[in-house]
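>>> When you get a sec, could you give me coordinates for this:
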Amino acid sequence: MKSLLSICTFAAVGMAAMWAAPNTAQMAQQRSISLRDTFPVGSNGLCEAQIQAPEAGAGLFDRKYTILCRDAAASIGTMWVVRGREADSAAARFVGPDASCTERQGAEMPIGLKDGKRLICTREGSIIRTELLVGEVGNRTYAATGLSAYGKALELGVASLATDQIVPGTVDIPLTQTTDSLAFVRQQAEAITADQALVEAYRRANSGEFAEAAEFFAASAATLTGNSEVEARLNEGLLQSNIGNFAEAQRRFSQTRQGAATSPVLSRLQRNYEAIDALNRGEPQQAISILNAPLGTEFNDTSALRSLQIGPAMAQRLSAESESVASSGISMTLTALERAQLLDGQAEFLRATGQRLLGNNAEARASMTRANATLAEVRGGRVLSIVWLRAQVLGELAELSEIAGQTAEAEQLHQSGIALLRAAYPDSPALYSAQAQLAGLFSRTGRTGEAIELYRKIVAEAEGRPAPSLRSYMSNYFGLLLQDGASAAAANDIFSASQLLLRPGLAQTQAVLARELSGGSDEASALFRRSVNLGRSIEQMRGSIVQIEGEVAINPQAEVVLAERQQRLEALLEQQAEVLQKLAEYPRFRAVSGSAIDLAGMQSILRDDEAYVKMIALDNEAFMVYITPGEALAYKVNGTPEELEQIVAGIRESIAVADGGQVLTFPFDLAASRDLYVRLFEPVADRLTTRRHIVFEPDGAMLKLPINLLVTDNASLERYQAQLATPEGDDYDFRGVAWLGRGSQISTSVAPTAFRDVRAAPASSASKSYLGLGENTPIGDGPVGTASTRSALAGGENCLWSENIWSNPIKSDELYDAASRFGGAQAGATTVLTQTGFTDTAIKAREDLAEYRILHFATHGLVTAPQPECPPRPALLTSFGGEDSDGLLSFAEIFALRIDADLVILSACDTAGSATVGATLEAGITSGGDFALDGLVRAFVGAGGRTVLASHWPVPDDFDATKRLIGGLFEEADSETAGALRRSQLELMDDLNTSHPFYWSAFAVVGDGSVKVTR
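A predicted model of the protein is given here:
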C-alpha cells in the first residue's frame, strides 16, 4: 500500500467522457497537430514547436510556430500555416524582402509537401544561411524557415503540419549537450507569452512533469498580474511540494494566501493545494483539517456567476487540454462556478485520500463517491483536462477495493486509469506512475512475474530519459528483483532503471567536456568551446536583464541600461547562430552519445582489476550494484537512507568539527566505520578488497563521506580496542587499521555515463607540466586566525566576508615542493604564483592556463556563506588585484577559465561540496548545483579539468600532512592518480601523528583515477 501521495496540479477545464477510456476517434483527435499549442519535432526529444500569437491581419485559421532546439539559446526557425496559395512569393512573405534566395533544384521534399520547393537564403553582411521549405496543400500554404544547420528539424516540423500528425524521425542538429531537459524547458517557457506559458504549465503538471511545469508557471508569474499571477504562484508552491521542497512550498503559500482569499475560485485552489502539501508531507489528519475549514469567500449570486465566462488564458487552457473540442460542439469556456465545483470535487477526493491513509476506509469510500458525483455534475462529466484527477480517483478506488479484498475490481480500476492517461498523456511520468501502481498491486497479490515485466516495460518506454517521479516506486521493483537476496540476474535491470533517477549537475558538465575533447584541439573543438561559452554568456545576460527590468518602474535611467543589455543579447544570439552553423559542418558534433549505458557497456570499459560500485538511495531503502568485467551483483543495503545519514553524520563529527574558527578533531569512530562498511558492502566484501581500483558512485549520505576510511575487518577494531585497554593506550593511534583505502585505490564517479565519457577523453595537449597557485597577500588589521587548517572564518555584514579571512594565508611550501618534483622537466615547465602574482584579476587575465597539464590551488576555500541568511557561493580565496578585484575566484569565474588539465588539485576546505542554484545561474548554467560535487569540482571540470582532486572537509597543515599528501602524488613517474594518492595516504596512515583519517582521508579523486598523474 502506498502511504504517501504526490498529487499533480489541478486545472478545471477541458472535456471528455468522465469514466470511460476515450474511443479511437477521440485518440485520433488528440494526435491532431492543428489542435495543439505545442508538439515535438522528431522523435528524439531535441526540438519542439510552439504556437505563437497571430500575425497582424492573420486569418482565423492561420497559425505560426517557433521551433526551439536544445543548446540553441534562441528560436532556430519559424513555421506557418496560412490560407491561400503563397508559394510563388514565399521568399518575400516568409524570409523577408532583403533576403537573397536560390532554389535548390531536385532537392528532396518532406512528406506531405512532395510538390513543394526548398530555397537557400542569405543576407548581405551575414554568414548565416537560411533554409526555406514551402508547399501548398489545397488552399493552404505550409512553410518553414530557419538556420540551414537545423534543416532536418525544419523538414520534420513542416511535415507534421502538412500531414496534421507528428512525423517521426531523428532530428540531426549541432549539439553541445550543455543544457539538460529542464534547461530546455526554461528556454521554451521564456519564448512564449505568459498566457501560453500558463497553458503549457498546466498540461505538463497534469502529466506529472512537475519540475518542467514549474518553469512555465514561473515564466507566467513573472509577467502576469492580479488573480492570474496568484494562480501561477499557487501552482509554483504546489510543484515545490510535489518535488519535496516543503519549506519553499510553505513560503509560496504564505505569499498567496491574502490574494487568494478574495476569490471563491482561488480560495478553493489555495485550500486544496495546502491539503495536497500536507498529504505529501505524510500528515493526512492535517490535510483533512484544512479541507474541513470554512472558506473565507463564497459565491453570492450563483445564477449570475453561471453566466460569467473565464478569461483568454483559461479559454486557451481548454484548447491545450482538449484537442477534440473543435469537433465536439462544446463551448470553449467554463464559468467560475463550474470551476469551483470541480475544485470541490477535488477536495472530496483529497479528503477520501486522507481518510484512507488514516485507515478510515468506510469514510474514504463515502467521500470518493461524493467526489465522483460532484465531478460528474459539471457538463455531464466531460472535462478532459481533469483526466489526471479522474485517473487518481480510479487509483484511490483501486486501493480501497484492494483493501476490501476485491482484487479483480482493483485491477480493473487501475487499468481504466492507465487507459485514460495513455490516451491523454502518452509517455508521461503520470502514466509511468499509474503503471507502477498496478505493478505494485501485482506484487502484493503474488503475481511477481507480471509485476516485474510491467516495471521493465516502464523503464524501457522511458528510454533513458530522467524520470525522478519514479523514485518512490523503484524500491518495490528492486525488492521484487532481490526477493531471494543478492542477485546477479537482477543487476542489469537495477542498473538500467537506476539511470532514470540521475540528477543534472557535474555529470552533465563532464559529458560536455568529453564531447569538446573528442576531436582533440582542432578548429571544430575551438568552435564547440565558443558555442558553450556563448550559451553561458547568453544565460548570464538574460539574468542581468531580468534584474534591471525590476528597476525600470522606479528608476527611469534603468531603461537606457535595459536597452543596451537587450542589444547585447541580440548580438550574442546572432554570434551563437553563426557558430552553430559552422559547428554543424562537423559530423562528430551532430551525433550524441547515449543518455544511458547498459550493464554490458559498463563492463566493456572496465579493466580486469577494476570494479564499478553504484549506490542508489531511494525514499526508504538503498541498493548497490557491484560490477566487474566478468560479473555483476545487485543487493539491498542493510540500512535505510535515514539510518545511513545518522551513521555518516556521527563519523563526520568524529573527524572534524568547526567551532569558533577552529577545526577540532576527536577520536575516530572506528566501530561506526566498520558497521557502515558491513552495511554497505557485506555481500561483496570478500571481492571488493581484491580490486586494485574501485570506482564508487555515491548517493544519499555517502556523497559526504569518502569510502577509503571504511574498515574492512573486525580484527582492526579488536586491535584498536585492545591497545586502548593498555596503560599507554592512545585513542588517536589508528596505525595498522585495514582501511578500504589501504588496499585499493579509489575514484569517485557521479554517473555511469559520466565515467564512460571521462575515461574516453583524450589526454591534455598542454606543453607544460605544473602550475601552482596560492599564499594570498594578507590585508587589513584583523588578527591572524588561530586555525591550522584551510577553513576560512566567516564574518562581516550584508553578505560580505570579513577581512580576517585574508589574514591567514596558506604557506606556499606545498606548491614549491610539488613543483620541485618535476625536476627533470624542461626549463619553464613549472610555474608557481603566490602573493601579488596570485590575484583573481591576474588569474582571469592569463592566456596560458591551458598550457599546463596540472593546476594546483593551495588556498582557503569558501564553500559556506558569510552569514546564515546569505546564499553560499563557492569560491577560492586569492590576493586582491586592483579596483575590480574582490580577492575571490568565484564559481562563475572558475567556470569561465580556459584550461586543458589532466589534473586539478584543490588543496582547500571542503572543495567536494555543492554549489547553489544561484551560483550556477551566475555562471550561465541552468541546472544542478544542489548536490555534493556540484560546486568547485564542477566549475573546474567546466573550465577544462578532466580529473579533480577535492576535499570532503578542512584539510590540515599540522605535521605537514597536506604537503606530504600532495607532494607524494609526484614522487614516482608514470603513476596513476588514485594510486599515487593512495601511496601518499599509506605513509600518513602508518605515522602515529597522522594515522587519524582527518589527516589522510579527506581527498577524493573525482573522475577516472586510473589516469596517469604525468602523462
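>>> Find the nearest non-adjacent residue to residue 584, please.
Computed as C-beta to C-beta, 6 or more residues apart in numbering, the closest residue to residue 584 that is not its neighbour in sequence is residue 149, at 3.4 Å. In this view, the C-beta of every residue, glycine as well, is placed from N, C-alpha and C.
>>> And for residue 755?
Residue nearest to residue 755 in three dimensions, not counting chain neighbours: residue 749, with 4.3 Å by C-beta to C-beta, 6+ apart.
>>> How many residues are close by that neighbour?
26 (other C-beta atoms under 10 Å).
>>> Who are the contact partners of it?
By C-beta atoms under 8 Å, 6 or more residues apart in numbering, the contact set of residue 749 is 612, 695, 696, 697, 755, 1007.
>>> now with 6 Å?
695, 697, 755 (C-beta atoms under 6 Å, 6 or more residues apart in numbering).
>>> what stretches of the stretch 601-750 of the chain score poorly on pLDDT?
For the stretch 601-750 of the chain, the stretches flagged by pLDDT under 70 are 658-662.
>>> any idea of the pLDDT on residue 950?
Residue 950 is assigned 85 on the pLDDT scale.
>>> Make sure it is indeed in a strand.
Yes. Under DSSP: H, G, I helix; E, B strand; the rest coil, residue 950 falls within a strand.
>>> any idea which of the contacts of residue 749 is the one closest to residue 110?
Residue 110 has its nearest neighbour among the contacts of residue 749 in residue 755, at 39.6 Å by C-beta to C-beta.
>>> For residue 1011, see how far away the residue nearest to residue 584 is.
34 Å (C-beta to C-beta, to the nearest Å).
>>> So between those two, which is more surrounded?
Between residue 149 and residue 1011, residue 149 has the larger neighbour count (other C-beta under 10 Å), namely 25 against 21.
>>> these two touch, right, the more buried one and residue 585?
No. Taking C-beta atoms under 6 Å as the contact criterion, residue 149 and residue 585 are not neighbours in contact, 8.2 Å apart.
>>> and the nearest residue to residue 693 once chain neighbours are set aside, how many neighbours?
Spatially, and ignoring its direct neighbours in sequence, residue 693 is nearest to residue 610 (4.5 Å; C-beta to C-beta, 6+ apart). Residues near residue 610, counting by other C-beta under 10 Å, number 20.
>>> Likewise for residue 414?
Residue 414 has 26 nearby residues by other C-beta under 10 Å.
>>> Let me know the next secondary structure element after the one helix or strand it maps to.
Using DSSP states H and E, residue 414 falls within helix 407-424. Reading on from helix 407-424 to the C-terminus, the next helix or strand found by DSSP H and E is helix 429-444.
>>> What average pLDDT does that next one get?
For helix 429-444, mean pLDDT rounds to 90.
>>> model confidence over the very next helix or strand once past that helix, on average?
Using DSSP H and E, the next helix or strand after helix 429-444 towards the C-terminus is helix 448-462. Averaged across helix 448-462, pLDDT comes to 90.
>>> which outside residues touch helix 448-462?
Helix 448-462 is touched from outside by 432, 435, 439, 442, 443, 477, 480, 496, 497, 500, with contacts defined as C-beta under 6 Å, 6+ apart.
>>> and of these, the nearest to residue 408?
Using C-beta to C-beta, residue 442 comes nearest to residue 408 of these, at 12.5 Å.
>>> burial of that closest one, as a residue count?
Residue 442 has 21 neighbours, counted by other C-beta under 10 Å.
>>> Need the pLDDT of residue 892.
pLDDT, read off for residue 892, is 77.
>>> same question but for residue 106, I mixed them up
78.
>>> how near is it to residue 891?
In terms of C-beta to C-beta, residue 106 sits 53 Å off from residue 891.
>>> Among these two, which residue is more densely surrounded?
residue 891 (30 against 6).
>>> so that one sits right up against residue 939, yeah?
Yes. With contacts counted by C-beta under 6 Å, residue 891 reaches residue 939, the gap being 4.9 Å.
>>> Could you confirm residue 614 falls within a helix?
No. Counting by three-state DSSP, residue 614 is not found in a helix; it is strand.
>>> wait, it sits on residue 626?
No. Look at residue 614 against residue 626 with C-beta under 6 Å: they stay out of range, at 8.3 Å.
>>> Quick check: which element contains residue 534?
helix 523-549.
>>> Tell me the first helix or strand C-terminal of that helix.
helix 558-583.
>>> after that following helix, next one along is what?
Downstream of helix 558-583, the first helix or strand assigned by DSSP H and E is helix 599-605.
>>> how far out from the middle of the chain is the helix holding residue 414?
Averaged C-alpha coordinates place helix 407-424 at 31 Å from its chain's average position (C-alpha atoms, centre = their mean, to the nearest Å).
>>> Would you mind pulling up the elements that it packs against?
Other elements packing on helix 407-424 under the criterion 3 or more C-beta pairs under 6 Å, 6 or more residues apart in numbering; DSSP states H and E are helix 387-403, helix 429-444.
>>> Show me the one of those that comes nearest residue 814.
Smallest distance to residue 814 across those (C-beta to C-beta): 49.2 Å, for helix 429-444.
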